[in-house]
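Asker: model this:
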Amino acid sequence: MVINYNGHRLFAFADTHGMYRRLFVPAETDILICAGDACEGFNPADLEDFFAWYAAIQAKLRIFVPGNHDRIFYTNPDRAKSLIPDDVVYLENEGLEFDGIKFYSVPARPYLKTPLAIPEDIDFLITHGPAYGYLDRGLGCKNLFLSMASARPKYHIFGHVHEEGLKRKAMLGSTTYLNVSYFDELRKGQR
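Answerer: Numbers count the residues shown, from 1 in each chain. Below you'll find the predicted structure:
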């Protein structure tokens, strides 16, 4: 999904589940965001291939947030992090500022066990799972929703609920919720 923001062209996606080479990344994208489920399961070779593909895409910034199917990130986090190329930013439980744009991520894959403190003044909150009630088919995380209430990021980018991917956006106050799951689209063989 393309987002034009503060003079930058962002492309955000999630849930390629190994079909990332079918994904069409628009030209002139300068910030890439992967919100998880790049691959399936535990195979480090699959993740290495994804990162080789991802790092080869021309961009000024590439952000990666793991999903629940990127299991190696929670079964063997040190090994998983060793697979990430230097020109890809792994973002989880921390923030990043790039050219005046603030990104932050918490590990909602798909559910948080307790509310977290999400900083205020964030442009993009990136998680794998959705907040409850927003493009989630009732499967979203209530604790994530509560954690976002005071932070009010401008955008919440997520995936996980494939059926809601790319359909529309939802808004609550000043936050735009975007489900960027490409799974259904890629499975159909479309771009």
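Asker: okay, CA-based contacts and neighbour counts for the rest of this
Answerer: Will do.
Asker: what about residue 45, neighbour count?
Answerer: 11 (other CA atoms under 10 Å).
Asker: quick check, it in a helix?
Answerer: Yes: residue state for residue 45 (DSSP: H, G, I helix; E, B strand; the rest coil) corresponds to a helix.
Asker: Determine the set of other helices and strands touching the helix or strand of the chain with the lowest mean pLDDT.
Answerer: Using mean pLDDT, DSSP states H and E, strand 169-172 stands out as the lowest-scoring helix or strand of the chain, at a mean of 78. Counting by 3 or more CA pairs under 8 Å, 6 or more residues apart in numbering; DSSP states H and E, the packing neighbours recorded for strand 169-172 are strand 175-179.
Asker: List the buried residues of the strand it packs on.
Answerer: Buried residues in strand 175-179, counted by 16 or more other CA atoms under 10 Å: 175-179.
Asker: Partner strands of the least confident helix or strand of the chain, with direction?
Answerer: Using DSSP bridges, strand 169-172 pairs in its sheet with strand 175-179 (antiparallel).
Asker: in the helix or strand following the strand it pairs with, what counts as buried?
Answerer: Note on strand 175-179: by DSSP states H and E, the next helix or strand toward the C-terminus is helix 183-187. In terms of neighbour count (16+ other CA under 10 Å), helix 183-187 has its buried residues at 183-186.
Asker: Columns distance to residue 133 and pLDDT on top of those residues, output as a markdown table?
Answerer: As requested, these are exported to a markdown table (distance: CA to CA, whole Å; pLDDT from 0 to 100):
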| residue | distance to residue 133 | pLDDT |
| --- | --- | --- |
| 183 | 21 | 95 |
| 184 | 21 | 91 |
| 185 | 23 | 91 |
| 186 | 25 | 92 |
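Asker: Residue 91 and residue 105 touch, don't they?
Answerer: Yes: between residue 91 and residue 105 there is a contact under CA atoms under 8 Å: 6.0 Å.
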